[in-house]
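Asks: Have a look at this prediction, sequence included:
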Amino acid sequence: MSNDPFELYDEPEFEPAPAAPSAPPPWLNGLNPEQAAAVTTTEGPLLVLSGAGTGKTRVLTTRLAYILHQGLARPWEVLAVTFTNRAAKEMRERLGAMIGPVSEQVWLGTFHALGLKMLRRHCDLVGLRSGFSILDTDDQNRVLKGLMELAHIDTKKSPPNLVMAVIQKWKDRGWTPDAVPPHEVGDIADGKALVLYAAYQKRLIEVNACDFGDLLLHVLAIFQAEPGILEEYQRRFRYILVDEYQDTNVSQYLWLRLLARQHRNICCVGDDDQSIYSWRGAEVGNILRFEHDFPGANIVRLERNYRSTPAILGAASGLIRHNATRLGKDLRAAGALADEAGDKVTIHGVWDGEAEARWVLDTAESLQRKGERLSNMAILVRAGFQTREFEERLITTGTPYRMIGGLRFYERAEIRDAIAYLRLLSQPDDDLAFERIINLPKRGLGDASLQVLHLASRAQGMSLLNAARSVLDTDELKPRARNSLRTFVEDIDRWATLRTTMAPSELLATVLDESGYLAMWKADKAPEAPGRVENLQELVSALEDYTDVQEFLEHIALVMENESRAGVEDAITLMTLHAAKGLEFDHVFLPGWEEQVFPHRRALEGGTGALEEERRLAYVGLTRARRRAFITYAGSRRVFNQWQSNPKSRFVDEIPAEFKEEDGEMGLTAGSRGFSESYSTWSGGWAGSGAKDTGWERRKQQEKASMNWQVAKREPSKSGFVTGDRVFHQKFGYGAVTAVEADKLQITFDKAGQKKVMAGFVKRADEV
DNA sequence: TATTTTGGTCTTTTT
DNA sequence: GACCAAAATA
């Protein structure tokens, strides 16, 4: 095995690798001609336009393995970039399966993880000291808010998170504060956004921290300032692979372009139809411009879809054809499912969000009874808030599920507090961490004390922790506060010493115990307190896998792995459409296809570009399905505490008729138009209305029956309201009935406005 | 100072 | 209905 092509050398000193005379490796078998071309066209720039389900990941990993196997480069001379940790992990695993442990030497990871890897080596060049913290969104907003208050900018009028969004956007475009074009500075924050940006960057350096955008921005600055360093990387990376290229933003693009300049062996895989991150600064333009930026680029199109039935593909293709700006690409069914036509996409209307959840889960259950596994099903929603109704229903029906996204373990308050303790121990300059925990648990060090510390820190140009030390020798604080602060500082110092000798998990356990933080939650009688204690214990055990606190901190900052309910068993998946990209399921439920919800209101305000992105999102949703897709829309829906009635999504109509099946059932469409009118509007718009017997009547009866049953349970046999009755509702208060439909009432409430309410939920005003 | 109460805003989508 | 910030209260 001395001729092992993967033999490692520590130094990147290399002579051109010998061409491998060996037989073609086994994993090349089974690739179709386009895929094979994408794998073996190793030299020069290559753009792979890869539609949904065309084997993109397989091509990427095989290409990587091929390059290494052919001896074209050694593992650490290959850079493979993904967007999500999940994609990186998957690629790492599949690569490992093909070529073994040597795959670990490849520079493979998300843009941010790789940026961090580079930044860590040269951080002093941008003013950061080793061990710098990486801030999350919450920390970012906190810093900015502080700066805005200092500059006397009204944080009510210009919410920090909006200002932050502007700054973020500039960062995505690769602009440092001095590079932001003047005309880009809007009037947000009294036109001081740019000043704030500069102050923000300065502040981050002071507290030895950076944010996500900086992971790339700083590296770009280093490349610019130190051409030698850039050259080193340029020489090193003989091959570069980029996943989800359509989602790159400008700074990522610049980073790639700089790195690829020398060898020009850059392979980007992407699908313009799946570009759904423009709000995060992604530029579809990057993919459209590829040939221009890399002259002589080869282009390979992957259009054979191995995932879905022709019906699903027909629906998805028909939908996406409504977008004007596309590179143009048509998916053909080619997999095992290509020969069966497949079931049409089911379109189903319901009364409201609750009925929607009920219908979806009933359908899932009946599929399950036919032998389908829950793990082959997914509910994909447009926005996070939609998950609530489904979660409630999942819990009441006892259906096992896992939720991706949603509340993340590491974003919970108690976890962030605990982490702040660790951060302060390993990073004494971390004022954010200091501020977070100074009075947690209560130490009698509130705003007043903190104010003193801030003054001292600013006056002497030192961190809050050091300012605290200096203040101890003065009488700026009242004796009680001073003693309390002394204890705190001494504790911190003691724990910081322990850090060098103790295992991380043990250290955290000690800190949580001795600080009284854990005791604080144990004593708390709030219903969620026991859960928090549990979470903290979980965090302690999570730390057992680490030998170094710093490493752990970086891991959670970047990976932020979601805790999916540790159910190994069969469970249905619930997540947003964005989170679903790259996944596939036999059966996919797509709820909430109503105007204003999907397409989202903000997108509708944002012009055609935004609308097209919504359509791509719909396309992504449909193409997740291997066999069946179920689209639902609700007659009305509660958004914030407000009832909304929206017509069904235009995207439903854009799906070609031959690939969809609208089953017509629909509760009532309430709204300003009133019941009867919208009712007729709806049946009038019923395509192919010869089929009044399609079970609609029957199902309508069922729906009514189930509702009656609910009413009966809450409020025995009471209906008989008429238009004009004064009523009282537990939540909405007093109002007048404006329409009646069986046991459903439309009521105009004095305060809450017009709502649709079941009769069982209201009482006559005079009976209250 | 700490705790409770109220009132106002909010929700796209994520590394 | 949830979360945060300011106001009211102990």
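Replies: Cool, the structure landed.
Asks: What lies in contact with stretch A:575-584?
Replies: With contacts defined as CB atoms under 8 Å, 6 or more residues apart in numbering, stretch A:575-584 is touched by A:53, A:57, A:84, A:86-87, A:244, A:274, A:276-277, A:307, A:378-384, A:387, A:403-406, A:573, A:617-618, A:620-621, A:624-626. For glycine as for every other residue, the C-beta is placed from the backbone atoms N, C-alpha and C.
Asks: and those, which are buried?
Replies: Neighbour counting with 16 or more other CB atoms under 10 Å marks A:53, A:57, A:86-87, A:244, A:274, A:276-277, A:307, A:378-382, A:387, A:403-406, A:573, A:617-618, A:620-621, A:624-626 as buried within the contacts of stretch A:575-584.
Asks: Quick one, grab the pLDDT at the closest residue to DNA strand C within the stretch 451-600 of chain A.
Replies: Here the stretch 451-600 of chain A gets closest to DNA strand C at one residue, A:Glu528, 8.8 Å apart by CB to the nearest atom of the strand. If you check A:Glu528, the pLDDT there is 71.
Asks: circling back: tell me which of the contacts of stretch A:575-584 fall in strands.
Replies: Among the contacts of stretch A:575-584, the ones falling in strands (DSSP state E) are A:378-381, A:403, A:573, A:625-626.
Asks: Check those residues and tell me the two furthest apart.
Replies: Using CB to CB, the pair of the ones in strands among the contacts of stretch A:575-584 lying farthest apart is A:Met403 and A:Arg626, separated by 21.3 Å.
Asks: ok so, going back, out of the contacts of stretch A:575-584, who's near DNA strand C?
Replies: Subset of those in contact with DNA strand C: empty, counting by CB under 7 Å from any atom of the strand.
Asks: Also near DNA strand B: which of the buried ones among the contacts of stretch A:575-584, exactly?
Replies: Checking those against DNA strand B (CB under 7 Å from any atom of the strand), the matches are A:86, A:276, A:382, A:405.
Asks: Just the closest of those residues to DNA strand C, please.
Replies: Set against DNA strand C, the nearest of those by CB to the nearest atom of the strand is A:Gly405 (15.4 Å).
Asks: Spell out which helix or strand contains the residue in the stretch 401-550 of chain A that DNA strand B sits nearest to, please.
Replies: Residue nearest to DNA strand B within the stretch 401-550 of chain A: A:Ala448 (2.3 Å; CB to the nearest atom of the strand). For A:Ala448, the enclosing helix or strand under DSSP states H and E is helix A:447-460.
Asks: buried ones in the helix or strand following that helix?
Replies: Tracing the chain past helix A:447-460, the next element assigned as helix or strand by DSSP H and E is helix A:464-471. Residues of helix A:464-471 classed as buried by neighbour count (16+ other CB under 10 Å): A:464-469, A:471.
Asks: Could you do stretch A:605-620 as well?
Replies: Within stretch A:605-620, judged by 16+ other CB under 10 Å, the buried ones are A:606, A:610-620.
Asks: Centroid-nearest residue for chain A?
Replies: Closest to where the C-alpha atoms of chain A average out (CA atoms, centre = their mean) is A:Ala579, at 5.7 Å.
Asks: any idea of the mean pLDDT in the helix or strand hosting it?
Replies: Per DSSP H and E, A:Ala579 falls inside helix A:577-580. For helix A:577-580, mean pLDDT is 90.
Asks: same check, this time on stretch A:240-247
Replies: The average of the pLDDT scores along stretch A:240-247 is 93.
Asks: Ok, stretch A:600-616 next?
Replies: Here the average pLDDT along stretch A:600-616 is 85.
Asks: so how far is the first residue of that stretch from its last?
Replies: By CA to CA, to the nearest Å, the extent of stretch A:600-616 from end to end equals 13 Å.
Asks: and it with DNA strand B, contact?
Replies: Yes - Stretch A:600-616 is in contact with DNA strand B by CB under 7 Å from any atom of the strand, via A:600, A:602-603, A:606, A:610.
Asks: hmm, back to that, lowest-confidence one in the ones in strands among the contacts of stretch A:575-584?
Replies: Among the ones in strands among the contacts of stretch A:575-584, A:Met403 has the weakest pLDDT, 81.
Asks: And A:Ala629, which helix or strand is it part of?
Replies: Using DSSP H and E, A:Ala629 falls in strand A:625-639.
Asks: list the buried ones in the helix or strand that comes right after that strand?
Replies: The C-terminal neighbour of strand A:625-639 among helices and strands, as given by DSSP H and E, is strand A:642-644. Neighbour counts over strand A:642-644 (16+ other CB under 10 Å) mark A:643-644 as buried.
Asks: Show me what the mean pLDDT comes to for strand A:642-644.
Replies: Here strand A:642-644 scores 78 as its mean pLDDT.
Asks: what's the following helix or strand after that strand?
Replies: Next in sequence after strand A:642-644, counting helices and strands by DSSP H and E, comes helix A:650-654.
Asks: Direction included, what does the strand holding A:Ala629 pair against?
Replies: Strand pairing for strand A:625-639, using DSSP bridges, gives strand A:345-352 (parallel), strand A:585-590 (parallel), strand A:642-644 (antiparallel).
Asks: Deepest-packed of those, please.
Replies: Per residue and on average, the most neighbours among those fall to strand A:585-590, with a mean of 25 (mean count of other CB atoms under 10 Å).
Asks: model confidence over it, on average?
Replies: For strand A:585-590, mean pLDDT rounds to 95.
Asks: What lies in contact with that strand?
Replies: The contact list for strand A:585-590 (CB under 8 Å, 6+ apart) reads A:360, A:363-364, A:367, A:372, A:376-380, A:573, A:618, A:621-622, A:624-632.
Asks: could you give the angle of it to strand A:377-381?
Replies: Interaxial angle, strand A:585-590 versus strand A:377-381 (axes from the mean of the first three to the mean of the last three CA atoms, to 10 degrees): 30 degrees.
Asks: close to DNA strand B, is strand A:585-590?
Replies: No - Strand A:585-590 lies apart from DNA strand B when judged by CB under 7 Å from any atom of the strand; the minimum separation is 14.8 Å.
Asks: Let me know the next secondary structure element after that strand.
Replies: That would be, after strand A:585-590 and using DSSP H and E, helix A:601-605.
Asks: Show me what that next one is packed against.
Replies: helix A:607-623 (3 or more CB pairs under 8 Å, 6 or more residues apart in numbering; DSSP states H and E).
Asks: So which other helices or strands are in contact with the helix it packs on?
Replies: So helix A:607-623, by 3+ CB pairs under 8 Å, 6+ apart, packs with helix A:310-320, helix A:577-580, strand A:585-590, helix A:601-605, helix A:650-654.
Asks: mind running it again at 10 Å?
Replies: For helix A:607-623, the packing partners by 3 or more CB pairs under 10 Å, 6 or more residues apart in numbering; DSSP states H and E come out as helix A:310-320, strand A:377-381, helix A:577-580, strand A:585-590, helix A:601-605, strand A:625-639, helix A:650-654.
Asks: Deepest-packed of the ones you listed, please.
Replies: Buried most deeply of the helices and strands packed on helix A:607-623, by mean count of other CB under 10 Å, is strand A:377-381, with a mean of 27.
Asks: And the residue nearest to the centre of chain A, how far from A:Ser515?
Replies: According to CB to CB, to the nearest Å, A:Ala579 stands 36 Å off from A:Ser515.
Asks: Stretch A:252-272 and DNA strand B in contact?
Replies: No - judged by CB under 7 Å from any atom of the strand, stretch A:252-272 makes no contact with DNA strand B; its nearest approach is 9.6 Å.
Asks: Next, the buried residues of that stretch.
Replies: In stretch A:252-272, counting by 16+ other CB under 10 Å, buried: A:252-256, A:258-260, A:263, A:265-272.
Asks: Return the distance of that stretch from the chain's centre.
Replies: Distance, stretch centre to chain centre, for stretch A:252-272: 24 Å (CA atoms, centre = their mean, to the nearest Å).
Asks: try stretch A:447-456
Replies: Centroid separation for stretch A:447-456 versus its chain: 37 Å, with CA atoms, centre = their mean.
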